[in-house]
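>>> only geometry, no sequence info:
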Ligand SMILES: [Mg+2]
């Protein structure tokens with residue numbers, strides 16, 4: 001037999017780009033007609049305003065590439081660790097920071113993925129093995145209006161009206177955060193009104209954000225969700241994510257539970273799944289980073305569970321695009337009268353948007369396809385909203 005030579009293997013020079021500097025701009029803005037409600041979820045409240053902030057962060061490297069992303073926290077407190085660090089060793093950095101710095105480690109991880117994409121001229125989705133370029137989204141409402149309002153998600157009817165509007169926009173799923181009403185029957189009536197109006201055409205979800213104080217309240221609302229055919233109930237009661245309480249709740253209601261948002265750490269989250277306290281598990285790129293989210297997705301897949309990613313943003317889209325066992329992108333927070341996104345849309349340049357109208361007629365959002373996070377930042381707007389700038393190098 002004729003022996004064939006293997007083609008020569010291209011010689012690869014492994015580069016080790018290092019972090020040379022960090023810049024953090026604290027960006028602040030006001031949302032009109034909102035005030036903080038339960039779980040700090042904004043509540044529609046005409047005539048008030050709600051201050052929001054984020055930390056627009058840039059990680060400079062000696063390769064010239066800059067990691068850029070709006071983070072939930074200021075990472076300059078770990079600058080001594082980061083300066084001089086190899087930007088490609090994401091696993092090492094993730095492991096070093098995972099317990100000592102909370103959400104800061106997630107922020108650093110997101111920036112390192114952006115850098116890796118830019119260095120390789122691939123999107124983060126491509127680096128992760130992403131297989132879809134559009135994602136189904138659910139409209140995730142703000143808290144409803146305060147008592148005494150007419151409309152504005154303050155009545156069961158206004159929730160149903162808004163769900164119908166979202167359906168007409170294209171959304172295939174609709175999630176509510178409970179409105180600030182002390183009478184539990186009001187909540188029951190919302191679930192039933194939603195089921196009656198759009199139950200046959202949308203997946204419906206309730207995010208109680210651990211709002212209900214008692215098992216009895218969770219049970220009453222949970223039974224209404226059963227009757228209305230809800231897709232999931234998120235963090236139903238007490239502190240959320242407690243076991244065995246939620247295992248017991250699952251014995252009484254048939255609607256699947258989604259929990260994990262109030263926990264940190266992969267083992268804590270997996271414990272909810274394996275002890276039967278939840279059906280879906282919550283993944284958070286701003287909690288575990290993209291690296292941790294992918295680990296959690298794989299662990300959940302191994303026990304036959306789906307991971308649902310928290311919140312809106314390019315990093316969430318990239319991660320979800322590469323996870324087979326994940327169903328919906330969260331468009332948070334939307335409302336019929338006011339828009340209150342966690343990240344102000346002003347910071348994005350052309351080509352990226354979150355918000356009520358940021359889905360196509362199938363209710364889908366695109367996955368950015370440029371290098372790294374694949375989004376342009378509007379630095380004029382960012383500088384205009386910046387109140388504090390920190391630079392470490
Ligand atoms: Mg939630």
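Okay, I see it. Values in this document were obtained by computation on a predicted structure and should not be read as measured data. Numbers count the residues shown, from 1 in each chain.
>>> please enumerate the helices of the stretch 51-200 of the chain.
Assigned by DSSP state H, counting those that start in this stretch, the stretch 51-200 of the chain shows helices spanning 79-82, 90-97, 103-120, 124-127, 156-169, 184-198.
>>> how about those in TSV, adding mean neighbour count, mean pLDDT and distance to residue 50?
Using the backbone N, CA and C atoms, a C-beta is placed for each residue, glycine as well. Converted to TSV, those look like this (neighbours: other C-beta atoms under 10 Å; pLDDT from 0 to 100; distance: least, C-beta to C-beta, whole Å):
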stretch	mean neighbour count	mean pLDDT	distance to residue 50
helix 79-82	16	96	31
helix 90-97	17	95	31
helix 103-120	25	95	21
helix 124-127	22	98	31
helix 156-169	19	96	20
helix 184-198	20	96	23
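>>> my guess is residue 140 contacts residue 335. True?
No. Assessed by C-beta atoms under 8 Å, residue 140 is found out of contact with residue 335, at 10.2 Å.
>>> quick check: which element contains residue 288?
Using DSSP states H and E, residue 288 sits in helix 285-302.
>>> can you tell if the following helix or strand past that helix touches the ion?
Sequence-wise, the next helix or strand downstream of helix 285-302 (DSSP H and E) is strand 307-309. No. Remark: strand 307-309 sits outside contact range of the ion, by C-beta under 5 Å from the ion, the gap being at least 9.2 Å.
>>> and the helix holding residue 288, what other elements does it pack with?
helix 90-97, helix 103-120, helix 266-274, strand 280-283, strand 307-309, helix 314-321 (3 or more C-beta pairs under 8 Å, 6 or more residues apart in numbering; DSSP states H and E).
>>> average pLDDT for the third one?
Put plainly, it is helix 266-274. Here helix 266-274 scores 95 as its mean pLDDT.
>>> identify the residues contacting that helix?
Residues outside helix 266-274 that contact it (C-beta atoms under 8 Å, 6 or more residues apart in numbering) are 241, 243, 246, 259-260, 263, 277-278, 281-282, 288, 292, 295-296, 299-300, 303, 305.
>>> same check on the shortest one?
Contact with strand 307-309 is made by 232, 258, 280-285, 293, 296-297, 300, 316, 319-320, 323, 325-330, as judged by C-beta under 8 Å, 6+ apart.
>>> same question for the fourth one.
With C-beta under 8 Å, 6+ apart as the test, strand 280-283 has contacts from 232, 234, 256-261, 269-270, 272-273, 293, 296-297, 300, 305-310, 319, 326.
>>> in a strand, residue 255, correct?
No. Residue 255: not assigned to a strand; according to DSSP: H, G, I helix; E, B strand; the rest coil it is coil.
>>> now do the residue in the stretch 251-393 of the chain positioned nearest to the ion, the pLDDT please.
The nearest approach of the stretch 251-393 of the chain to the ion comes at residue 261, 4.7 Å away (C-beta to the ion). Looking at residue 261, its pLDDT is 92.
>>> ok, it - contacts?
Contacts for residue 261 were tallied using C-beta under 8 Å, 6+ apart; they are 234-235, 240-241, 282, 284, 310.
>>> cutoff 10 Å now
Neighbour list for residue 261: 39, 207, 209-210, 234-235, 240-241, 269, 281-284, 287, 308, 310-311 [criterion: C-beta atoms under 10 Å, 6 or more residues apart in numbering].
>>> got the phi and psi for it?
Dihedral angles of residue 261 (phi, psi; degrees, to the nearest 10) stand at phi -60, psi -30.
>>> buried only: go through the contacts of helix 266-274 for me.
241, 246, 259-260, 263, 277-278, 281-282, 288, 292, 295-296, 299-300, 305 (16 or more other C-beta atoms under 10 Å).
>>> so what's the residue count around the residue in the stretch 101-250 of the chain positioned nearest to the ion?
Among all residues of the stretch 101-250 of the chain, residue 207 sits closest to the ion, at 4.3 Å; criterion: C-beta to the ion. A count of neighbours around residue 207, defined by other C-beta atoms under 10 Å, yields 24.
>>> same question, the one 10 residues further on
Applying the criterion other C-beta under 10 Å, we find 18 residues in the vicinity of residue 217.
>>> could you check the pLDDT of it?
On pLDDT, residue 217 comes in at 95.
>>> sketch out the low-pLDDT regions of the protein for me.
1-14, 38-39, 147-148, 150 (pLDDT under 70).
>>> show me what from it comes close to the ion.
207, 234, 261.
>>> want to throw those into TSV with distance to residue 220?
What follows is these, written out as TSV (distance: C-beta to C-beta, whole Å):
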residue	distance to residue 220
207	17
234	17
261	22
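>>> and of the residues you listed, the nearest to residue 156?
For those, the closest approach to residue 156 (C-beta to C-beta) belongs to residue 207, at 16.9 Å.
>>> which one is the closest one nearest to, not counting chain neighbours?
Nearest residue to residue 207 in three dimensions, chain neighbours excluded: residue 234, at 4.0 Å (C-beta to C-beta, 6 or more residues apart in numbering).
>>> pretty sure the one you found is touching residue 240, no?
Yes. Taking contacts as C-beta atoms under 10 Å, residue 234 lies within contact range of residue 240: 8.3 Å.
>>> mutual contacts of those two, please.
By C-beta under 10 Å, 6+ apart, the residues touching both residue 234 and residue 240 are 207-210, 257, 259-261, 278, 282.
>>> got the domain ranges for the chain?
Domain assignment for the chain by automatic domain parsing gives 19-122+374-392, 127-366.
>>> please identify the most buried of those.
Stretch with highest mean neighbour count among the domains of the chain: domain 127-366 (a mean of 20; mean count of other C-beta atoms under 10 Å).
>>> for that domain, how far is the first residue from the last?
17 Å (C-alpha to C-alpha, to the nearest Å).
>>> one more: stretch 71-89?
20 Å.
>>> so how far is it from its chain's centroid?
22 Å (C-alpha atoms, centre = their mean, to the nearest Å).
>>> and if you look at stretch 117-135?
18 Å.
>>> all strands for the stretch 1-150 of the chain, in order.
Assigned by DSSP state E, counting those that start in this stretch, the stretch 1-150 of the chain shows strands spanning 19-36, 42-61, 66-71, 134-141.
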